[in-house]
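Trainee: Sharing a model that was predicted from the sequence below.
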Amino acid sequence: EDPEKREMALRRIALLNALAIASGGLATTYMGDEAGLLNDYSYRDDPERKHEGRWLHRPTMDWHALGSDAAKRISADLVSLRN
């Protein structure tokens, strides 16, 4: 809710993405990272998925979140790192 804290959070995300790309190798972007979605811890409540921690990075896609200002900013930052 605080615009200054929000801006700092978006800058930290951009920095972390830049470091991942600059470090060499294959930079991994999990589904939802491009929109700033949070991890999904609900997998722990599902008996068929709770044994596999990779479900943390496989949230149900919130398609409406892709249109948010934060998602647009994060996506644009990722695109600018590509160049």
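Mentor: Sure thing, it's come through.
Trainee: make it CA atoms for all contacts and neighbour counts henceforth
Mentor: Fine.
Trainee: what separates Arg58 from Asp40, distance-wise?
Mentor: Arg58 is 7 Å from Asp40, where distance means C-alpha to C-alpha, to the nearest Å.
Trainee: how deep is the nearest residue to Tyr30 once chain neighbours are set aside tucked in, by neighbour count?
Mentor: Sequence neighbours aside, His57 is the residue nearest to Tyr30 in space, at 6.1 Å (criterion: C-alpha to C-alpha, 6 or more residues apart in numbering). For His57, the neighbour count with other C-alpha atoms under 10 Å is 18.
Trainee: Next, work out how far apart the residue most central in space within the chain and Ser23 are.
Mentor: In the chain, the centroid-proximal residue (C-alpha atoms, centre = their mean) is Asp33; its distance is 1.9 Å. Noted for Asp33: a distance of 18 Å to Ser23, by C-alpha to C-alpha.
Trainee: swap in Asp62?
Mentor: Going from Asp62 to Ser23 by C-alpha to C-alpha gives 30 Å.
Trainee: same thing with Lys5?
Mentor: With C-alpha to C-alpha as the criterion, Lys5 and Ser23 are 27 Å apart.
Trainee: Over to Ser42?
Mentor: In terms of C-alpha to C-alpha, Ser42 sits 31 Å off from Ser23.
Trainee: For the two, work out which one has more neighbours and name it.
Mentor: Using other C-alpha under 10 Å, the more surrounded residue of Ser42 and Ser23 is Ser42, with 12 against 9.
Trainee: Let's verify the more buried one: helix, strand, or coil?
Mentor: helix (DSSP: H, G, I helix; E, B strand; the rest coil).
Trainee: Setting aside sequence neighbours, what's the nearest residue to it?
Mentor: Once flanking residues are discounted, Ser42 sits nearest to Leu56: 8.0 Å by C-alpha to C-alpha, 6+ apart.
Trainee: My guess is that neighbour contacts Asn39. True?
Mentor: Yes. Counting by C-alpha atoms under 8 Å, Leu56 does reach Asn39; the two are 5.6 Å apart.
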